[in-house]
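1. sequence below, structure please.
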Amino acid sequence: MDASVALSNENNKGRLLVVDDQRNMRATTALLLRAEGFSVDEAGGGEEALALLAQRSYDLLLTDLKMEPMDGLALLKKALENAPSLQVIVMTAYGSIETAVEAIRSGAYDYITKPFKDGELVYRVQKALERARLISTVDTFAGEFKERHGLTALVGKSAAMRDLTTRISRVATSDATVLIEGESGTGKELVARAIHALSSRNKAPFVPVNCAAITESLLESELFGHAKGAFTGAVKARRGLFEEAHGGSLFIDEVTETSGAFQSKLLRALQEHEIRRVGENTSITVDVRVVAASNRDIELDVAEKRFRQDLFYRLAVVTLKVPPLRERLEDVPLLAQHFLERANARNRHPRRITQAAVEHLMGYGFPGNVRELENLVEQAAALAEGEDLLPEDFPLKKARGPDAPASPIPFSPAGIVTLADAVTEAERRAIQVALERLPDLGRVAEVLGVSTTTLWRKMKRLGLKTSGEPPPEAS
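-> Reported below is the predicted structural model:
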C-alpha cells in the first residue's frame, strides 16, 4: 500500500509508525509524538511492523536499528520494497553511527541518535513529513496526468495548468494547426510535444525547428530541402524538415522571427499541403500537422505589418497560451521537486529540498520562467554543501522596482542575445522612461511616434502596467 495515501487524511498532521523492541522507549516516543498532534501506531518488532504496514498507509516509519530477530535495517529494506515513498527515520545508539549511515544509503530519510531531545525528534519528523508531502503532491499529479493523457512532462496543479492540459487533450485529437503563445522559458515545446504524443500521429516523427536559431538564408532550405547544386555548398540533394515530419508533427518555434518572403512560402505549404525544394520546379506532397509558437504578441506584429495576417489565421486555428510561472507560483513546489529528482538521478550526491527553500522560491517572480527555476535547482543540486537544500542555495535576482521588466534579455546557450530580445528590451525601457516623464498615455504615444492603440498593446505585451482597458480605438 502506498504511503502517500495517508497524507490525504486531514484529521491529523501525519500517520506515524514507531518500532522499538524496548517497550518503555517505544511508549515514551509515541506519547511525545501524539502530544504534537500526530497519529501514532506502535510495533514491538520488525514482523509486527510489516504486518501493520500491509494493513494501512503511513507517512513515516520511525524505527530502532538494534532489534531481534529482525533488525531495523532489514525492516527498512522490506518496508521500502512495498511502499517506496514511505519516509523512514532510524533511531540508533551513539556507537552505531556506521549502521545509521548504511540505513541512509538503503533509503532512509534521516537518523537520530539516542538519547535525543524531544524538540530534535519533533523537528526531524516534521522535516520528513514535509518531504513526504512534496513527493506525494508530485506523484499524485503525475499519476493523474499519466492516466488521463499518457505523459508527465507538463508539471503543475494550478487552475491555469489544469485548463491548459484540458485544452491540449481536446485539440490533440484533431488535425488543426495550433499556435502556442507564451514568454521565453514557459515550456512551449513541451506543449507541442504533448499535442503530438496525444494525437493519432504519435507513431510518426515529431520534428522541432527554431526559426530564431537559423539564418534567413538557410531557413527555407532547412524546412523545404534543396536540390543538388541549388547554392554554393549544396553538394547533394537534401530532404527538408517538412519531409522528415511526413505523417507526424512539425513544431515551428519563434515563427515571428521570419521574413515576409518566407512567410508566403510557409502559407502555401499549409494551404496546399505540398512543398518545393530550393532549386527544384516540382512539388512534393506532405502530410504534416504544424504547431507554431512565438514569445511575442503576434497580433501586434500583424497590426504593425511585421507578420502576414493570412498566415496568422492559418496558424491560429487553435491558440494555446502558456502562463508565465509568476502567475502560477503554486506550481513551484511541484516543479522544484520534479527538477531535483531529475538532477539526483544524474548526480552522485542526492539532495533534499527543504520547506524553507520552497517558500523562498515561491516569493520570487521568475522572470526566466520554468527554465530559470530548472537552472536554479540544477545549480543548487550541483553546488550545495549539504544534503538539504537551503534558501541560501538558491541565489535570486533582485527586482529593479515596481515597474521592473517582466524578464531580462535572455541569452542563447552560446551566450548571445538575439536581436528580437534586444529590440524588445529597448522598447520596454523607452516606454518606461516616457511613462515616468510624461503625464498621460496620449502624450507618451505622441512622443514615441506610435498610436495610443499600439502603445497600449505594447505595454500589455511587455508586462507594463496598463489601465486594464484599451483606448477606445484599440478595442
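2. any weak-confidence spans in the stretch 51-200 of the chain?
-> Where the stretch 51-200 of the chain drops to pLDDT under 70, the residues are 94-97, 134-153.
3. repeat the analysis, applying 80 as the threshold.
-> 84-85, 93-102, 105-106, 131-157 (pLDDT under 80).
4. which stretches in the stretch 51-200 of the chain count as helices?
-> Under the criterion DSSP state H, counting those that start in this stretch, the stretch 51-200 of the chain contains helices at 72-82, 97-105, 118-149, 159-172, 188-197.
5. buried deepest among those, which one?
-> helix 188-197 (a mean of 22; mean count of other Cβ atoms under 10 Å). Where you see a C-beta, it was placed from the backbone N, CA and C, and this is true even at glycine.
6. what helices or strands is it leaning on?
-> Here helix 188-197 touches helix 159-172, strand 178-181, strand 206-210, strand 249-253, strand 289-294, going by 3 or more Cβ pairs under 8 Å, 6 or more residues apart in numbering; DSSP states H and E.
7. Ile275: which of the helices of the stretch 51-200 of the chain is closest?
-> helix 188-197 (19.6 Å; Cβ to Cβ).
8. tilt between the closest one and strand 206-210?
-> 160 degrees (axes from the mean of the first three to the mean of the last three Cα atoms, to 10 degrees).
9. okay, now the domains of this structure?
-> 3-131, 150-321, 325-393, 419-474 (automatic domain parsing).
10. now do the same end-to-end measure for stretch 63-74.
-> From the first residue to the last, stretch 63-74 extends over 11 Å; the measure is Cα to Cα, to the nearest Å.
11. confidence score at Arg348?
-> What the model reports as pLDDT for Arg348 is 77.
12. ok, Thr92 to Asp20 distance?
-> In this view, Thr92 and Asp20 are 11 Å apart by Cβ to Cβ, to the nearest Å.
13. quick one: which of those two has more around it?
-> Asp20 (26 against 21; other Cβ atoms under 10 Å).
14. wait, the more buried one sits on Arg26?
-> Yes. Here Asp20 reaches Arg26: they are 3.9 Å apart, a contact under Cβ atoms under 8 Å.
15. what sits in contact with each of those two?
-> Residues touching both Asp20 and Arg26 by Cβ atoms under 8 Å, 6 or more residues apart in numbering: Gly44.
16. for my notes, please list the helices and strands packed on helix 188-197 in a markdown table and give distance to Arg131 for each entry.
-> What follows is the helices and strands packed on helix 188-197, written out as a markdown table (distance: least, Cβ to Cβ, whole Å):
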| stretch | distance to Arg131 |
| --- | --- |
| helix 159-172 | 23 |
| strand 178-181 | 34 |
| strand 206-210 | 35 |
| strand 249-253 | 36 |
| strand 289-294 | 36 |
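17. which residues in the stretch 301-450 of the chain form helices?
-> With DSSP H, counting those that start in this stretch as the criterion, the stretch 301-450 of the chain has helices spanning 309-315, 332-346, 355-362, 369-383, 419-437, 441-448.
18. lowest mean pLDDT across the ones you listed, which one is that?
-> helix 419-437 - the lowest mean pLDDT of the helices of the stretch 301-450 of the chain, at a mean of 73.
19. what packs against that one?
-> Against helix 419-437 (3+ Cβ pairs under 8 Å, 6+ apart) you get helix 441-448, helix 452-462.
20. could you give me the buried positions within the shortest one?
-> Read it as helix 441-448. Leu441, Val444, Ala445, Leu448 (16 or more other Cβ atoms under 10 Å).
21. still on that earlier bit, want to throw the helices of the stretch 51-200 of the chain into JSON lines with distance to Thr319?
-> Output for the helices of the stretch 51-200 of the chain, formatted as JSON lines (distance: least, Cβ to Cβ, whole Å):
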{"stretch": "helix 72-82", "distance to Thr319": "46"}
{"stretch": "helix 97-105", "distance to Thr319": "50"}
{"stretch": "helix 118-149", "distance to Thr319": "20"}
{"stretch": "helix 159-172", "distance to Thr319": "9"}
{"stretch": "helix 188-197", "distance to Thr319": "12"}
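22. now whichever strand or helix holds Asp41, how far from the centre of its chain.
-> Using DSSP states H and E, Asp41 sits in strand 39-43. Taking Cα atoms, centre = their mean, to the nearest Å, one finds the center of strand 39-43 at 38 Å from the center of the full chain.
23. that strand pairs with which strands?
-> strand 15-19 (parallel) (DSSP bridges).
24. run through who's touching the strand it pairs with.
-> 6, 9, 26, 29-30, 33, 38-46, 48-49, 52-53, 56-64, 67, 72, 75, 125.
25. give me the buried entries from those.
-> Of the contacts of strand 15-19, these count as buried by 16+ other Cβ under 10 Å: 6, 26, 29-30, 33, 38-43, 45-46, 48-49, 53, 57-64, 67, 72, 75, 125.
26. fine by me, thanks again.
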